[in-house]
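Q: here is my input, please return the structure:
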Amino acid sequence: MMAGGISDAKPSTPDVQQLADQMKSHIEQKENKIYPVFNAVEFKTQVVAGTNYFIKVDIGQGKYMHLRVLKPLPQMNEAPSLSGYQTGKVASDPLNYF
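A: Numbers count the residues shown, from 1 in each chain. Predicted coordinates for the structure are as follows:
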């Protein structure tokens with residue numbers, strides 16, 4: 001994969017679930033909802049000045065959410081941040097750049 005390109009979708013890993021978990025409270029606050037189910041199922045990455053993670057999250061009852069999380073370069077010594085998210089998704093919706 002070249003810098004700037006988006007990888008193919010891969011099954012979620014514990015590290016990706018941890019990134020999603022770190023963003024959960026931010027999303028709950030923005031949406032004014034509590035998500036008892038918040039399971040990362042797959043992800044794509046994009047190398048930028050750090051790494052963008054596009055994460056498909058199962059939020060229960062057949063509903064999904066897509067997250068975009070920026071994980072800065074290690075030398076930046078900054079926490080990952082939520083760059084955006086999309087609601088109203090289903091399992092068959094592909095992860096695309098947004």
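Q: what pLDDT does the residue of the chain positioned farthest from its centre get?
A: No residue in the chain has its C-alpha farther from the mean C-alpha position than Gln75, which lies at 21.8 Å (C-alpha atoms, centre = their mean). We have a pLDDT of 89 for Gln75.
Q: part of a helix, is it?
A: Yes: secondary structure of Gln75 (DSSP: H, G, I helix; E, B strand; the rest coil): part of a helix.
Q: ok, it - contacts?
A: By C-beta atoms under 8 Å, 6 or more residues apart in numbering, no residues touch Gln75. Any C-beta I mention is one placed from the backbone N, CA and C, and that applies to glycine too.
Q: from Ile55, how far out is it?
A: According to C-beta to C-beta, to the nearest Å, Gln75 and Ile55 sit 24 Å apart.
Q: then Val69?
A: As judged by C-beta to C-beta, Val69 and Ile55 stand 6 Å apart.
Q: what sits in contact with each of these two?
A: Jointly contacting Val69 and Ile55 under the rule C-beta under 8 Å, 6+ apart are 19-20.
Q: on the pLDDT front, check Ala3 for me.
A: We have a pLDDT of 58 for Ala3.
Q: how far away is the residue farthest from the centre of the chain from Tyr53?
A: For Gln75, the distance to Tyr53 equals 19 Å [C-beta to C-beta].
Q: next: Thr87.
A: Going from Thr87 to Tyr53 by C-beta to C-beta gives 18 Å.
Q: the two - which one has more neighbours?
A: Using other C-beta atoms under 10 Å as the criterion, Thr87 and Tyr53 rank with Tyr53 on top: 24 against 12.
Q: could you look up the SS state of the more buried one?
A: What three-state DSSP gives for Tyr53 is strand.
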